[in-house]
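Peer 1: For reference, the sequence and a predicted model appear below.
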Amino acid sequence: MDMIEIKKGGNYRVLSASGDDNPIITEGEFVGYTVLGEEGAIVFRVKEKQKTFLRMIPVGGVFSIEFDNEDLLKAKEKPDEHDKTNYIN
């Protein structure tokens with residue numbers, strides 16, 4: 001199967017781990033990726049109760065990402081060997 005990516009600006013529903021038995025449900029716009037401590041995280045813009053905020057979800061805590069529009073997925077491009085950076089020490 002090809003690697004896929006979610007698109008920035010798309011609206012998704014994410015189920016993720018919480019401190020109890022029930023998952024946290026996040027519905028919002030995908031903003032991008034970041035680092036939270038030493039772990040990668042995905043960031044969503046969430047609107048709840050007339051308030052807008054950003055939520056970072058550690059990737060290790062994600063149970064599922066749901067969406068209803070296949071246009072929100074894109075095949076990840078295979079890297080071109082000519083575009084690789086080589087570091088010499």
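Peer 2: Thanks, I have it.
Peer 1: Dig out what the residue nearest the centre of the chain forms beta bridges with.
Peer 2: Centroid-nearest residue in the chain, with Cα atoms, centre = their mean: Ile42, separated by 3.7 Å. Using DSSP bridges, the bridge partners assigned to Ile42 are Tyr33, Ile57.
Peer 1: Would you enumerate the residues in contact with it?
Peer 2: 14, 30, 32-33, 56-57, 59, 62 (Cβ atoms under 8 Å, 6 or more residues apart in numbering). All C-beta atoms are positioned from the backbone trio N, CA, C, and that covers glycine.
Peer 1: And for Phe44?
Peer 2: Shown in contact with Phe44 (Cβ under 8 Å, 6+ apart): 12, 14, 26, 28-31, 54-55, 57.
Peer 1: Just the buried ones from the residues you listed, in PyMOL syntax?
Peer 2: Buried members of the contacts of Phe44, defined by 16 or more other Cβ atoms under 10 Å, are picked up in PyMOL with:
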select buried, resi 12+14+26+28+29+30+31+55+57
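Peer 1: Now for the contacts of Phe44: which two are most distant?
Peer 2: Greatest spacing in these, by Cβ to Cβ: Tyr12 and Leu54 (14.1 Å).
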